[in-house]
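# what's the 3D shape of this:
(one chain, ligands or ions: 1)
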Amino acid sequence: MKKVRFGIIGCGLMGKEFASAAARWCHFTEDIAKPEIVGVCDFSEAAMDWFSKNFDTVVFRTNDYKELLKRDDIDAIYCALPHNLHGQVYSDIIGAGKHLLGEKPFGIDQAANKQIMEALKNHPEVVVRCASEFPYYPACQQLIKWIKEGKFGRIIEVRTGFCHSSDMDLTKPINWKRMVEINGEYGCMGDLGIHTQHVPFRMGWMPKRVYANLSNIAKERVDKNGNMVPCETWDNAVLSCQVEDENGNEFPMFMETKRMKPGATDEWYIRVEGLDCSAKFSTDDPNGFYYTESWGKEQGWCRINVGYHTMIPTITGGIFEFGFTDAILQMWGAFIQEIEGKTPEFGCFTPEESALSHKLLTAALQSYKEKRVVEIE
Ligand SMILES: NC(=O)c1ccc[n+]([C@@H]2O[C@H](COP(=O)([O-])OP(=O)(O)OC[C@H]3O[C@@H](n4cnc5c(N)ncnc54)[C@H](O)[C@@H]3O)[C@@H](O)[C@H]2O)c1
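Numbering: from 1, shown residues only. This is a model prediction of the structure:
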């Protein structure tokens, strides 16, 4: 089996998720080159120890990502670092001629995103994508198929969201994701926004204008020394957007990203309402695909269990359930297929889409600041 030799920069939460997905590549029944983790980079020795302990393919460890980029035995990088590092590190990875799966928001702000896009112009040979795993739930794939088939008829309204509630705990200590200088001015929108944009953008639903409602609810949090310090990032964001479909009809699209949504653990959802029918999916009910049936003038919601019918076929029986780690595996399968020059049915979030994301989020910040609707160029 062919291999893609990987280096991981940032061995935290998401670095480990990738490694775990790579370890169960046998799950796929389709021939896809296997990721092999050759090198790891983190400031924390303990974070890298986990990789050394679990992967005997790891032959190189470093605290300096540039050392990893010099190696000829590494073809591709997964980079999961805090947002303030994306602009420089992603550009260096691309400059070194390595394929890259980077993490959102793909630049702490629009300037950093432009820096990455500029680096890419000089290296069109490398495959660069941004992580976004939720669209790979089979029920969401079903919904995407229906959009492509035009099953909804004229779109009335679209809602997407990604919501958490752990910040409802006001005693939760501050970390880098709650600091403007590291997480960025976008706050929760930068952290969660791309997850809500992947499906709409891919379907061609780019907002023409936006009105943003942003909330900073927890203005202070305790730091690791027990002192209360300012917590200036946006906790919750509701974007009210206007979109035009391919026939020139406008419809509203609401995108919410929240760290303080009561009851939400890691809830990602999409809901599409159309004149002919409507459908919705939420990770709160990962196996459920909901759609409306019309009885004359009335519509009723139906739910079917979609089971384990994945975009990339696997060994798992179709009657079983699908979960977060399966979505991560599907996303990685899609990324490696793209490196191999194949076109997955639903590909990973592209750099061009990340540039759209930054346009939208920059306009959202302006909208909230000036308390007005902002046109998106
Ligand atoms: N796709 C998803 O579902 C998802 C979920 C969570 C986070 N993320 C994204 O992943 C990225 C990382 O988030 P995380 O939750 O894994 O963070 P984390 O804090 O758990 O891990 C980041 C790691 O980077 C290391 N690090 C920091 N600066 C470094 C440097 N200069 N050189 C080497 N190592 C360095 C830290 O020691 C830490 O181990 C962010 O962009 C975040 O938005 C994505």
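# Which residues of this protein lie near the ligand?
Residues of the chain lying close to the ligand by C-beta under 6 Å from any ligand atom are 9-14, 41-44, 47, 65, 80-83, 85, 103-104, 131, 133, 191. Where C-beta positions appear, they are placed from N, C-alpha and C, glycine not excepted.
# Which among those residues count as buried?
9-11, 14, 41-42, 47, 65, 80-83, 85, 103-104, 131, 133, 191 (16 or more other C-beta atoms under 10 Å).
# Domain-wise, how is this structure divided?
According to automatic domain parsing, the chain comprises the domains 3-130, 136-320+349-375.
# And those: which comes nearest residue 329?
Comparison of the domains of the chain against residue 329 by C-beta to C-beta identifies domain 3-130 as nearest, at 4.5 Å.
# Can you show me the strands along the stretch 101-250 of the chain?
Remark: strands assigned in the stretch 101-250 of the chain by DSSP state E, counting those that start in this stretch are 128-130, 155-163, 207-215, 220-222, 228-230, 236-244, 250-258.
# Can you show me the strands along the stretch 251-377 of the chain?
267-274, 278-282, 288-295, 298-305, 374-375.
# In a markdown table, list the ones you listed along with mean neighbour count.
Below are these laid out as a markdown table (neighbours: other C-beta atoms under 10 Å):
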| stretch | mean neighbour count |
| --- | --- |
| strand 267-274 | 21 |
| strand 278-282 | 23 |
| strand 288-295 | 15 |
| strand 298-305 | 11 |
| strand 374-375 | 16 |
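# mind giving me a markdown table with these and columns for distance to residue 325 and mean pLDDT?
Formatted as a markdown table, the strands of the stretch 251-377 of the chain follow (distance: least, C-beta to C-beta, whole Å; pLDDT from 0 to 100):
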| stretch | distance to residue 325 | mean pLDDT |
| --- | --- | --- |
| strand 267-274 | 14 | 98 |
| strand 278-282 | 18 | 98 |
| strand 288-295 | 19 | 96 |
| strand 298-305 | 19 | 97 |
| strand 374-375 | 38 | 98 |
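# Output the ones you listed in TSV, with distance to residue 183 appended to each entry.
Listed next are those as TSV, based on distance: least, C-beta to C-beta, whole Å:
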stretch	distance to residue 183
strand 267-274	19
strand 278-282	26
strand 288-295	33
strand 298-305	37
strand 374-375	22
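# now for the ones you listed, which one comes closest to residue 208?
strand 374-375 (7.0 Å).
# Identify the residues contacting that closest one?
Outside strand 374-375, the residues that touch it by C-beta atoms under 8 Å, 6 or more residues apart in numbering are 208-211, 363-364, 366-367.
# Helix, strand, or coil at the residue nearest to residue 61 when sequence neighbours are not counted?
Leaving aside its sequence neighbours, residue 61 sits nearest to residue 48 (C-beta to C-beta, 6 or more residues apart in numbering; 5.0 Å). Secondary structure, DSSP: H, G, I helix; E, B strand; the rest coil: residue 48 is helix.
# Assess the claim that residue 48 and residue 42 are in contact.
Yes - shown here, residue 48 and residue 42 form a contact pair, counting by C-beta atoms under 8 Å, at 5.2 Å.
# list residues touching both of the two?
By C-beta under 8 Å, 6+ apart, the residues touching both residue 48 and residue 42 are residue 11.
# Most remote residue from the middle of this protein, which is it?
For the chain, the largest distance from the centre (C-alpha atoms, centre = their mean) belongs to residue 296, which lies 39.2 Å off.
# where does residue 322 fall, phi/psi-wise?
Main-chain dihedrals, residue 322, degrees, to the nearest 10: phi -110, psi 150.
# how close does it sit to the ligand?
Distance from residue 322 to the ligand, counting by C-beta to the nearest ligand atom, to the nearest Å: 16 Å.
# unless I'm mixing things up, that residue is touching residue 288, no?
No - applying C-beta under 8 Å, one finds residue 322 not in contact with residue 288, separated by 11.0 Å.
# Need the residues touching each of the two.
Joint contacts of residue 322 and residue 288 (C-beta under 8 Å, 6+ apart) are residue 306.
# how many neighbours does residue 224 have?
Neighbour count of residue 224, defined by other C-beta atoms under 10 Å: 9.
# From residue 231, how far out is it?
According to C-beta to C-beta, to the nearest Å, residue 224 and residue 231 sit 14 Å apart.
# quick one: contacts for the residue of the stretch 51-200 of the chain found nearest the ligand?
Nearest residue of the stretch 51-200 of the chain to the ligand, counting by C-beta to the nearest ligand atom: residue 103, 3.3 Å away. Contact partners of residue 103, counting by C-beta under 8 Å, 6+ apart, are 10, 14, 79-81, 86, 130-131.
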